[in-house]
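> Predicted structure and sequence below. I'll ask about it afterward.
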Amino acid sequence: MKKFQKKKESLIRVFRGKKIIITGHTGFKGSWLTTWLNSLGANIVGISNNIPTKPSHFKTLEFKKNTLKSHFVDLRNLTIIKKIFKKEKPDFVFHLAAEALVKKSYEFPVKTITTNIIGTLNVLEALKQLKNKNCAAVIITSDKVYKNLEISRGYKESDVLGGKDPYSASKASAEIIINSYINSFFPKFKSNVTIGVARAGNVIGGGDWSEDRLIPDCMKSWPRNKRVLLRNPNSTRPWQHVLDAIWGYIVLARNLKNKKKLHGENFNFGPTSKSNHTVLKLVKTMNIYWKKVSWEIKKDNNNYFESNLLKLNSKKAKKLLGWRCAMNFTQTVKMVAEWYKFFYSKKNNKQNLTLSQIKQYEKILDL
């Protein structure tokens, strides 16, 4: 216990009292990250276009005004974004805001591409104003930035970028722009602003209410005794809990602050191959923790591309950052199910549920 407390206190020292800008703070991953950093004593400034889902994980958390300052603006508005950065002078930046769904990128390609590319570009432009301020920025892209070859070995950070769908292409393009800005405006060992890129896989967790995602579809169907429709039951995904991915972002930010040599590096944060399972396997495992699970396989007639196999090689993050995926597949599914079971219970203190799972995860990490 003393060892755990010592490691936790070390993490608190990194973020306590620090000004942190999080874009996309009202989204699924953003709200988990905001909660965790808030619990470490950070001063959070959130930038989001809106509250993207209903129900909303962010609203459930009920942040107090003195612990979070929210700006509801379009990230494509460069003037406003630069004003916020100039005023707040952040110590850390986590850029998560994005149009993140493959299917929606086919329906709204212009919005997806401009949000993901111009939004990232504007964050980089805003960071240029912090020349005299030490700031570590973590820019989150996606495992879908890689040219999809349906390979089983796992994509490495050095693999070629690509994108057959508008979403993947927008994220790969954003990474090219990030790299160009690092070389042009944030030179290695000379810049006070250090930037790292994080690529995470298929994250699942409580509070995800996004459209056309497996767990939210299940959690909207099963409590109403309805069957969930499975469009691609045999597609394999590297399932990991949202906290495993967010822990990667936090570790990267901490290391960027202390190790300037990591500036400009890309990192994969994916689970081990043991967590690679089909959609159907995930649903059947949920059946262990959730009563009355039912599903129906429905052929997907949409003519949009989506990969059947996605896998990341995360050896670089393990070697250079000391990061690891702390939870196995069974632990992940159990924690997800417990979050939603509590959400649908009649208990009122739902805002404490997310924080309690973060504390549970910290103990698993043995911080």
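Sure thing, it's come through. Numbers count the residues shown, from 1 in each chain.
> Only C-alpha atoms from now on, for both contacts and neighbour counts.
Noted.
> Residue 249 touches residue 198, doesn't it?
Yes. Residue 249 lies in contact with residue 198 (C-alpha atoms under 8 Å); the separation is 6.7 Å.
> Which positions in the longest helix belonging to the chain come out as buried?
Ranked by number of residues, the top helix in the chain under DSSP state H is helix 166-185. For helix 166-185, burial by neighbour count (16 or more other C-alpha atoms under 10 Å) applies to 166-175, 177-179, 181-182, 185.
> Please compute how far that helix lies from its chain's middle.
Relative to the mean C-alpha coordinate of its chain, helix 166-185 is positioned 18 Å out (C-alpha atoms, centre = their mean, to the nearest Å).
> Using CSV, write out the CA atom coordinates for it.
Provided in CSV are the C-alpha atoms of helix 166-185 (Å, rounded to 0.1, in the frame of the first residue of the first chain):
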residue,chain,number,x,y,z
PRO,A,166,-12.8,9.6,-45.2
TYR,A,167,-12.3,9.2,-41.5
SER,A,168,-9.0,7.2,-41.8
ALA,A,169,-7.8,9.5,-44.6
SER,A,170,-8.5,12.6,-42.4
LYS,A,171,-6.5,11.2,-39.5
ALA,A,172,-3.6,10.1,-41.7
SER,A,173,-3.5,13.5,-43.3
ALA,A,174,-3.6,15.2,-39.9
GLU,A,175,-0.5,13.2,-38.9
ILE,A,176,1.4,14.4,-42.0
ILE,A,177,0.5,17.9,-41.0
ILE,A,178,1.6,17.4,-37.4
ASN,A,179,4.9,16.0,-38.6
SER,A,180,5.4,19.0,-40.9
TYR,A,181,4.7,21.5,-38.1
ILE,A,182,7.1,19.8,-35.7
ASN,A,183,9.9,20.0,-38.3
SER,A,184,9.0,23.6,-39.3
PHE,A,185,8.0,25.3,-36.1
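> and that helix, what other elements does it pack with?
Judged by 3 or more C-alpha pairs under 8 Å, 6 or more residues apart in numbering; DSSP states H and E, the packing partners of helix 166-185 are helix 102-107, helix 109-113, helix 119-127.
> Is it possible to get these out as a markdown table so that each row also shows mean neighbour count, distance to residue 36 and mean pLDDT?
Formatted as a markdown table, those follow (neighbours: other C-alpha atoms under 10 Å; distance: least, C-alpha to C-alpha, whole Å; pLDDT from 0 to 100):
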| stretch | mean neighbour count | distance to residue 36 | mean pLDDT |
| --- | --- | --- | --- |
| helix 102-107 | 17 | 28 | 88 |
| helix 109-113 | 19 | 28 | 95 |
| helix 119-127 | 22 | 22 | 98 |
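> Would you reformat the ones you listed as JSON lines and include distance to residue 245?
Output for those, formatted as JSON lines (distance: least, C-alpha to C-alpha, whole Å):
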{"stretch": "helix 102-107", "distance to residue 245": "19"}
{"stretch": "helix 109-113", "distance to residue 245": "22"}
{"stretch": "helix 119-127", "distance to residue 245": "20"}
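> Which stretch among these approaches residue 347 most closely?
Nearest to residue 347 among the helices and strands packed on helix 166-185 is helix 102-107; the distance by C-alpha to C-alpha comes to 34.5 Å.
> what's next to that closest one, contact-wise?
99, 111-113, 165-168, 212, 304, 306 (C-alpha atoms under 8 Å, 6 or more residues apart in numbering).
> try 6 Å
112, 166-167 (C-alpha atoms under 6 Å, 6 or more residues apart in numbering).
> and the nearest residue to residue 365 once chain neighbours are set aside, what helix or strand is that in?
Closest residue to residue 365 apart from its sequence neighbours, by C-alpha to C-alpha, 6 or more residues apart in numbering: residue 326 at 6.2 Å. Using DSSP states H and E, residue 326 falls within no helix or strand.
> Tell me the pLDDT of residue 326.
For residue 326, the pLDDT comes out at 94.
> and if you look at residue 320?
pLDDT, residue 320: 96.
> Equivalent analysis for residue 1, please.
55.
> Residue 302 too?
Confidence score, pLDDT, at residue 302: 62.
> need the helices for the chain, in chain order.
Under DSSP H, the chain gives helices at 2-15, 28-39, 57-61, 78-88, 102-107, 109-113, 119-127, 166-185, 214-221, 242-258, 279-286, 315-321, 329-343, 351-365.
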